[in-house]
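*Asks:* Sequence first, then the predicted structure, then my questions.
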Protein chains: 2
Amino acid sequence: MIKYLKTDPWLVIEEGFEAKHHRSSESIFSLGNGTFGQRACHEEKYSGPTLQGSYVAGVYYPDKTRVGWWKNGYPEYFAKVLNSTNWTGIDIQIDGEELDLAKLEVSEFRRVLNMKEGTLTRSFVVHLNESMIGFRDGGRSKQMKVEVTRFISMADYETAAIRYSLTPLNFSGEVTFSPYLDGDVKNHDSNYDEKFWIEVSKSVQEGEGVLVTRTKKTDFELAVAMNCVLEGARWQTSMDYSLVRSTATVKADKGKEIVFYKYIGLVSSLNYSPGVCAESAVKAAKRAKENGFEKMHAAHIAKWASIWDLADIRIDGDAEAQQGIRFNIFHLNQTYTGEDARLNIGPKGFTGEKYGGSTYWDTEAYCIPFYMATKDAQVARQLLVYRYNQLGKAIENAEKLGFENGAALYPMVTMNGEECHNEWEITFEEIHRNGAIAYAIYNYITYTGDKEYLAQYGWDVLLGIARFWSQRIHWSEDKQKYVMLGVTGPNEYENNVNNNWYTNYIAVWCMKYCGEVLEYIKKNHPSAYAEKAAKYHFEEEKEVARWKDIEAKMYYPTKEGTKIFLQQDGFLDKELRSAASLPSNQRPINQHWSWDRILRSCFIKQADVLQGLYFFEEHFDKQVLKENFDFYEPMTVHESSLSPCVHSILACSLGYDEKAYEMYLRTARLDLDDYNHEAHEGLHITSRAGTWMSVVQGFGGMRVYDGKLQFNARLPKQWKGFAFNILHNGKRVHVEVDANG
Amino acid sequence: MIKYLKTDPWLVIEEGFEAKHHRSSESIFSLGNGTFGQRACHEEKYSGPTLQGSYVAGVYYPDKTRVGWWKNGYPEYFAKVLNSTNWTGIDIQIDGEELDLAKLEVSEFRRVLNMKEGTLTRSFVVHLNESMIGFRDGGRSKQMKVEVTRFISMADYETAAIRYSLTPLNFSGEVTFSPYLDGDVKNHDSNYDEKFWIEVSKSVQEGEGVLVTRTKKTDFELAVAMNCVLEGARWQTSMDYSLVRSTATVKADKGKEIVFYKYIGLVSSLNYSPGVCAESAVKAAKRAKENGFEKMHAAHIAKWASIWDLADIRIDGDAEAQQGIRFNIFHLNQTYTGEDARLNIGPKGFTGEKYGGSTYWDTEAYCIPFYMATKDAQVARQLLVYRYNQLGKAIENAEKLGFENGAALYPMVTMNGEECHNEWEITFEEIHRNGAIAYAIYNYITYTGDKEYLAQYGWDVLLGIARFWSQRIHWSEDKQKYVMLGVTGPNEYENNVNNNWYTNYIAVWCMKYCGEVLEYIKKNHPSAYAEKAAKYHFEEEKEVARWKDIEAKMYYPTKEGTKIFLQQDGFLDKELRSAASLPSNQRPINQHWSWDRILRSCFIKQADVLQGLYFFEEHFDKQVLKENFDFYEPMTVHESSLSPCVHSILACSLGYDEKAYEMYLRTARLDLDDYNHEAHEGLHITSRAGTWMSVVQGFGGMRVYDGKLQFNARLPKQWKGFAFNILHNGKRVHVEVDANG
């Protein structure tokens, strides 16, 4: 845990500049608007440790895979989120001396993320090195007050703005502003140290410049324009490879503020044909400039107000919990707005490069409930359509692994539907992801009642998935049951196991649900059914019979004499012990134990059987839940950020209040307090949705049965009360919980 | 299968030059003397596809590991066999035109590997392009006859020689010889395209040059000297980075042979202190030159004669089988002579880079029986001592994986005792290798009766291994038996399985054998015992009690109602089918199926349960062997070169003559006929010993019981007879089998 930020209900505050925290702060103070975003790197030159990161949603590069020992079926490429044109850069010189926080003394440093307004500000006083004011002033250095405000507009997705103000405190002199756009950037995680961008065109005139770059292979074009405003400036321009720059020097009078504005227009070939990207970016920057900083900022704040109006969770009596939950909601909204069906929610959002590809099963299992309840139903639908659009690729993916007849295996990690990941035990075996994708459809239908979706898109996906399971499962002569061999469940601390209960259960459920949906469509949308049956060469009788036979004769490992479902066939052969028995210097075990030791231990990375009981709670009585929770919780080390929320929700169901709160705390401030010493790489965006689930489904006890909301709230004793809103069937439900219930 | 070589009892013959075969021929025609060796690259410049390879035993470089997804416990480095100074190079110009077989027309090309004499020859006529003889000769091109002979001396391990002769057939002119030593070479398999060598020193005068290079990191020095002889030559010299060269042009008269000799001295810091390497290499080259080609060659041939005298296997009535077995014996002897305890037998010997590190369990399971029976007992002992010397590293290796108290895990792949391999399912889980290393000690003692070895070195290794198993095995509360979870058996087509029968069985056997040896040492070498017990903090009572408890209560998976041992707990859940049911276009399955599909299939890469029954044949009755063979053989795809020999030997035991011969054929000519289209990467050196085992232990039926040899021969109906020699207890046993038995 690294705690250096101040607590505030709406702000994240860093006071005092310490270089060792800077890369973490770059992640934590990141901004985005769903279309583009970037880490909170300094605008001015910074020669200390920094991870430059500027990302554009949907723009990726298929980096050649790096692999130790090739296995048949591995993908050749890993599609990566791209570090792209740095548009925040503004080099500053004060009386010829470079403003660089790594080299100058800084005082009164304050960095603030205003989550309510989606705005990042920095203010500090910098003490120049080289030129003293002279003996009469006691040899004091020149001091310059710096105030910077920036935001990426939520109201106009193509624009951003920076206000950079300088006030000489104890001297007069001159300052040089040198704003630039730099497209000659690299990914830190490039496998072979390759640069992914090439320059297409550039121009710069006065304070206006535009730079167009293109990705190799994928040919995405990105155009970024800047439009700079500085009173009295006489701009000089310069260009280099993939770089445009304007430079102007102005007089700086003691005590008088100089304000510089950099307006940004940013568009890509996702939304414009390549030929018009440059002019569209220029137009956007001009539009921003013409609106002016204040008006633009006001529109941005208004948009955030409307988001918060619905999405906010209020927690009374626990300032850290309050800040934590808002931080999570803030970043989820920055990452994905649901307005573009081609986009999805990357595990690091716009805060870092790690994990590359943008889409994991996190979206279906964790993010959809959040977006479904805090946004128009259209947004969750969009996320489902994303997978529908990639159905063809999922079928191809399954074919590569030897499946036939339209069986679909969705990828573990993807950008465009193609598999990116290359670890056999995950890529080929962590196939439960297919189940989460089907479950998300069910979840959406249950919540919204939008059954039309099934006839339009949903059943296509369900059929591909059901077909996959029906081929992946086979008959065991020995057991006289259907079995599923060689899988990795959500608990990645067991690999290549047989009969993972969770995977077996969700697989059978998928086939069953596909059959139910089939009946619905046949009855209500007969022509859609006929069309799809023909399209997918669906042999109803034969295929449904197989699904039913599997359902009737599936094998589920259990512990004799109990209601405990076993993670896998061999689980009881393990030495069963509690995670509490692990010495603290061996935790997290993934940093201290060799992989084989982890695999043959009983320790669980992430909810597995319990993930299934969470999804299908209504299929089981409380005693089943209790026995399984009591069995597995003690062995779960929660070394995945996706784990504690599920345990927290189930603990609430079981009335285990202390455990529920403990589990909640583990994720709520994961990044803000940097529990795992990895905030510098970026934030755990997708698992932030799990924290929201802990509050709403856990403490709030929200469930949806037959399209109706139910609440069964519990107030943690550490809180005075909490409140949240839910959008359901177009109606807004406000839930307020206090000590009286 | 690619068949382009002629069959002959003692020769391997290639007629006609085809560039597409050249890289395979470079492997097949490789030469070596146990100390150094190289691929059969052309001496003269060759601009076509070639894999330059010149290797020095024991000289390696720890290349930084390339890995897709890092797992705790992986090694940082992979020690590689190094491509080192190219000493065969002789550029030739004829009337100013470069001799390059990729660019000139070649006729009468013949490349011969004389296995009896360990000599490589090439002869051909080359037709020059540029200069015609003129109209009077009908525009015919100049023709030059070329004859090259080379060998690497088996009589003097520091020397090699090349005789290069040119005869102008239809013209007179001049020829330029430009012999060189080039140390600026790369490994084809360098992970990050790094060069591993740097230049230390060089000098060249007249036709004599010396080049000293040093490996980065490991600081091995290699000195290579050349001493060139060409009548009438006036040498000019030149140098470049890591390169020395002499050049001389002489007149060439029509019909008159010009003979050039290049004598090589090659030494490394393995045998000389770095300061004297250069002069030692120069001395060796001079020694070679002073002896002269013929005398040196005669000594070399005499040494080979003494090797063949003992090691030869004669097969009558099957020319291909005869050539195949000699080819295998020839390469094994070229690769390892047993005179240096620091060396071992790399899977590719001196024929290619693939598989890097030099030592696998192949040595213990396959090579030791060959060397034990065809060489002085000292050679096999040397191979055991190699592992003894690496015991400390094996203990460190186990510690890295969380084992304690002197438990030793020998590496999967190594050069100096450190693990090199980085695939978790192999590195951490294919631990049966520890069993093979213990078994080799038992095998050696049984064969030689050299029990002193146990007191001197053997028990130390056995103790480390027994301790490893006793920690790796644990008590299953569920089964009320000891179990071993998460292993990969010899059949690498199942990974991370529980209770692999072979591993369970050999593990228990190791502990039992260690206990027996303990009793022997206590009784016969009490002071050695006391010393070792103190050194290893051996708690006899406690440790032995644990071994015995495990022995008494170990779990072995079996098929109910049969004598079949199961490969692993989940084997019977698989869909059991015969490999014969696989369509031929899906074989080998490792080139057509994704890894997960292979893993959950019943198909076996390599003898697993049967490997155990081969090692411990006398523990089981014939019915056990028969039931297991009948069960597993049909499912075995033999996609490892180490598999068919074991099946062949067991088939002989069971009287399955056709199967035995089929299995024998599968490996005997594996490289000569390039069954798997990979000869161009190098030969399967270690598995060559398996072919020898098939003849001697299979058809010859040789067994050793209580130190006594037994033979139970069967003659394949395809042969008229066969004969081999065995060295046993210093006595030579000649075995001759014909149709009469």
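*Replies:* Cool, the structure landed.
*Asks:* what's the offset of the host helix or strand of A:Trp692 from the middle of its chain?
*Replies:* Using DSSP states H and E, A:Trp692 maps to helix A:685-693. Computed by CA atoms, centre = their mean, to the nearest Å, the chain-centroid distance of helix A:685-693 equals 9 Å.
*Asks:* which parts of the stretch 301-450 of chain A sit against chain B?
*Replies:* For the stretch 301-450 of chain A, the contact set with chain B under CB under 8 Å from any CB of the partner chain comprises A:Lys400, A:Leu401, A:Gly402, A:Asn422, A:Glu423, A:Trp424, A:Glu425, A:Phe428, A:Glu429. For the C-beta atoms, the positions are set from N, CA and C on the backbone; glycine is no exception.
*Asks:* picking that back up, packing partners of the helix holding A:Trp692?
*Replies:* helix A:319-335, helix A:362, helix A:368-374, helix A:644-653, helix A:657-668 (3 or more CB pairs under 8 Å, 6 or more residues apart in numbering or on different chains; DSSP states H and E).
*Asks:* Out of those, which is closest to A:Phe196?
*Replies:* Comparing those by their distance to A:Phe196 (CB to CB), the top pick is helix A:319-335, with 21.4 Å.
*Asks:* What's the first helix or strand after the closest one?
*Replies:* Using DSSP H and E, the helix or strand that follows helix A:319-335 towards the C-terminus is helix A:362.
*Asks:* helices and strands around the lowest-mean-pLDDT helix or strand in chain A, which ones?
*Replies:* Here the helix or strand of chain A ranked lowest by mean pLDDT, DSSP states H and E is strand A:119-132, holding a mean of 87. Strand A:119-132 is packed against strand A:97-98, strand A:105-114, strand A:141-152, helix A:293-311, with contacts defined by 3+ CB pairs under 8 Å, 6+ apart.
*Asks:* That strand: partners in the sheet, and parallel or antiparallel?
*Replies:* Under the criterion DSSP bridges, strand A:119-132 sits next to strand A:105-114 (antiparallel), strand A:141-152 (antiparallel) in its sheet.
*Asks:* returning to what we had before: which other residues reach the helix holding A:Trp692?
*Replies:* A:313, A:324-325, A:327-329, A:331-332, A:335, A:345-349, A:351, A:360, A:362-363, A:366-367, A:369-371, A:374, A:640-642, A:644-646, A:649, A:664, A:667-668, A:670 (CB atoms under 8 Å, 6 or more residues apart in numbering or on different chains).
*Asks:* Can you say which of these are buried?
*Replies:* The neighbour count (16 or more other CB atoms under 10 Å in any protein chain shown) marks A:313, A:324-325, A:327-329, A:331-332, A:335, A:345-349, A:351, A:360, A:362-363, A:366-367, A:369-371, A:374, A:640-642, A:644-646, A:649, A:664, A:667-668, A:670 as buried among these.
*Asks:* now the strands for the stretch 451-600 of chain A?
*Replies:* A:474-476, A:481-483 (DSSP state E, counting those that start in this stretch).
*Asks:* any chance of these in CSV, with distance to chain B too?
*Replies:* Listed next are these as CSV, based on distance: least, CB to the nearest CB, whole Å:
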stretch, distance to chain B
strand A:474-476, 4
strand A:481-483, 5
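*Asks:* highest average neighbour count across those?
*Replies:* Among the strands of the stretch 451-600 of chain A, strand A:481-483 has the highest mean neighbour count (mean count of other CB atoms under 10 Å in any protein chain shown), at a mean of 20.
*Asks:* can you give me the helices in the stretch 501-650 of chain A?
*Replies:* Listed in chain order, the helices of the stretch 501-650 of chain A (DSSP state H, counting those that start in this stretch) span A:501-524, A:526-535, A:540-553, A:589-592, A:595-600, A:609-615, A:622-632, A:644-653.
*Asks:* Quick one: closest of those helices to chain B.
*Replies:* Smallest distance to chain B across these (CB to the nearest CB): 3.6 Å, for helix A:595-600.
*Asks:* same for the closest one, what does it pack against?
*Replies:* Applying 3+ CB pairs under 8 Å, 6+ apart, we find helix A:595-600 packed against no helix or strand.
*Asks:* Mind checking the pLDDT average for it?
*Replies:* Mean per-residue pLDDT for helix A:595-600: 97.
*Asks:* again with stretch A:701-721
*Replies:* Computed over stretch A:701-721, the average pLDDT equals 93.
*Asks:* Kindly export the least confident helix or strand of chain A (C-alpha atoms) in CSV.
*Replies:* The C-alpha coordinates for strand A:119-132 follow below in CSV (Å, rounded to 0.1, in the frame of the first residue of the first chain):
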residue,chain,number,x,y,z
THR,A,119,-10.6,18.5,-14.7
LEU,A,120,-7.0,18.2,-13.9
THR,A,121,-5.1,21.1,-12.4
ARG,A,122,-1.6,21.6,-11.2
SER,A,123,-0.2,24.6,-9.4
PHE,A,124,3.3,25.2,-8.1
VAL,A,125,6.1,27.7,-7.7
VAL,A,126,9.3,26.9,-9.5
HIS,A,127,12.6,28.3,-8.3
LEU,A,128,15.0,28.9,-11.2
ASN,A,129,18.6,27.7,-10.9
GLU,A,130,20.7,29.6,-13.2
SER,A,131,20.0,33.3,-12.7
MET,A,132,19.8,34.8,-9.3
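*Asks:* Okay, buried residues for it please.
*Replies:* A:Thr119, A:Leu120, A:Thr121, A:Arg122, A:Phe124, A:Val125, A:Val126, A:Leu128.
*Asks:* Surely A:Ile264 and A:Asp156 touch.
*Replies:* No. Under the criterion of CB atoms under 8 Å, A:Ile264 makes no contact with A:Asp156, lying 10.9 Å away.
*Asks:* Relative to chain B, which residue of the stretch 1-150 of chain A is the closest?
*Replies:* Minimum separation of the stretch 1-150 of chain A from chain B (CB to the nearest CB) falls at A:Gly73, amounting to 3.1 Å.
*Asks:* how about the nearest residue to that residue, chain neighbours excluded?
*Replies:* In space, and not counting its chain neighbours, A:Gly73 is closest to B:Ser594: 3.1 Å by CB to CB, 6 or more residues apart in numbering or on different chains.
*Asks:* swap in A:Thr213?
*Replies:* A:Gly183 (4.0 Å).
*Asks:* where does the one you found fall, phi/psi-wise?
*Replies:* Dihedral pair for A:Gly183: phi -100, psi 0, per degrees, to the nearest 10.
*Asks:* returning to that earlier point: comparing the helices and strands packed on strand A:119-132, which stretch has the densest surroundings?
*Replies:* When these are compared using mean count of other CB under 10 Å, strand A:141-152 is most buried, at a mean of 21.
*Asks:* follow-up on the earlier one: tell me the one of the buried residues of strand A:119-132 nearest B:Ile726?
*Replies:* Nearest to B:Ile726 out of the buried residues of strand A:119-132 is A:Leu120 (CB to CB; 82.2 Å).
*Asks:* Pretty sure the closest one sits against A:Arg110.
*Replies:* No. Applying CB under 8 Å as the test, A:Leu120 and A:Arg110 come out as separate, 11.6 Å apart.
*Asks:* Next up, the contacts around the closest residue to A:Arg666 other than its chain neighbours.
*Replies:* Among residues not flanking A:Arg666 along the chain, A:Pro644 sits closest, at 4.2 Å (CB to CB, 6+ apart). Residues near A:Pro644 by CB under 8 Å, 6+ apart: A:His638, A:Met663, A:Tyr664, A:Arg666, A:Thr667, A:Gly690, A:Ser694.
*Asks:* Can you report how many residues neighbour the fourth one?
*Replies:* For A:Arg666, the number of neighbouring residues by other CB atoms under 10 Å in any protein chain shown comes to 19.
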